[in-house]
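>>> What follows is a predicted protein model with its sequence.
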Amino acid sequence: MKKMRILDVLQIGLAVCLGLVAADNTRAASVEADTNPYVLVDLAACKKPPLAPPALPATSYEQYDARRRFVNLDGSGQCVLLDFWIERLGGSPSAGMRVLEHRYLRFTGGKWQPFVAAFTWYPYALKERTTGKVYLVDAPTEEDLGDFMVLKTGVPRVFTTAGWISEKGFNDSLALQEVTAGRAEILLALARRLEPHATPARDPRGAERARIRLLREAATGKSP
């Protein structure tokens, strides 16, 4: 009985110690999150227009792997549409004749209209806690599509938006101002925010893990 009591005490003590360690880790994680001056913005949290958009290109030999996202790019809360797909130029089987095509649409004037924006792939958004300023980060990786001939890992770019540019006879353009001052800090902040998403279960292609490496290398000068 005495030995059992000693064992019980030891087990209780161990459980308490483990609980304290877990609590310390939780507090440390909370401190880490709180000290990050930028928060990740969910660009998909936007209001869709009342009219359904044009359908994605039908899958065929010439066009395939189409994907679509509704996103809030300009901060208005209204969705715009970013479509991407792979196209074989002229139906050629040559690997070098495959390109990444895109279509950007916004709902204006009662219908979906094409627009122009300098994004290579779906951007991420960070909001600065103190100012509320939103930064869009374009950081494509080969792993996003798993086809480096079509989408190559690119130099991460940071933008702020300044509304829309409309000119008669031309498609509207999303006015983007590239950010250089503080770029490294923004890239590192995004890398930290993406870490919870970079697990094998949530990131089977390894795209987020590749993006985190890319962001860190660009921020520290190991890549452009």
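Nice, thanks for sending it over.

>>> Please make it C-alpha for all contacts and neighbour counts, starting now.
Noted.

>>> Next, count neighbours for Val137.
25 (other Cα atoms under 10 Å).

>>> so where's the protein shaky on pLDDT?
1-34, 224 (pLDDT under 70).

>>> and if we set it to 80?
1-34, 222-224 (pLDDT under 80).

>>> could you pull out the strands for it?
If DSSP state E is used as the criterion, the strands of the chain fall at 38-41, 63-71, 80-88, 98-108, 111-116, 124-128, 134-138, 157-165, 172-178.

>>> which non-adjacent residue is nearest Ala219?
Leaving aside its chain neighbours, Ala219 sits nearest to Ala184 (4.2 Å; criterion: Cα to Cα, 6 or more residues apart in numbering).

>>> residues near that neighbour, how many?
Neighbours of Ala184 (other Cα under 10 Å): 18.

>>> Trp85 and Pro49, how far apart?
Computed with Cα to Cα, to the nearest Å, the distance linking Trp85 and Pro49 is 23 Å.

>>> Verify the stated contact: Glu101 with Arg88.
No: between Glu101 and Arg88 there is no contact under Cα atoms under 8 Å: 9.8 Å.

>>> Specify which residue of these two has the higher count of neighbours.
The residue with more neighbours, out of Glu101 and Arg88, is Arg88; 20 against 14, by other Cα under 10 Å.

>>> My guess is that one contacts Val99. True?
Yes: contact status for Arg88 versus Val99: in contact at 6.6 Å, counting by Cα under 8 Å.

>>> What residues sit buried inside stretch 81-100?
Leu81, Leu82, Asp83, Phe84, Trp85, Ile86, Glu87, Arg88, Arg98, Val99, Leu100 (16 or more other Cα atoms under 10 Å).

>>> Tell me what the nearest residue to Phe107 once chain neighbours are set aside is bridged to.
Nearest residue to Phe107, sequence neighbours excluded (Cα to Cα, 6+ apart): Gln113, at 6.1 Å. In this entry, Gln113 is beta-bridged to Arg106, by DSSP bridges.

>>> distance of Gln113 from Val155?
Here Gln113 is placed at a distance of 29 Å from Val155 (Cα to Cα).

>>> Show me the helices in this structure, by range?
Using DSSP state H, the helices of the chain run over 2-35, 183-194, 207-219.

>>> so what's Thr120 up against?
Asp138, Ala139, Pro140 (Cα atoms under 8 Å, 6 or more residues apart in numbering).
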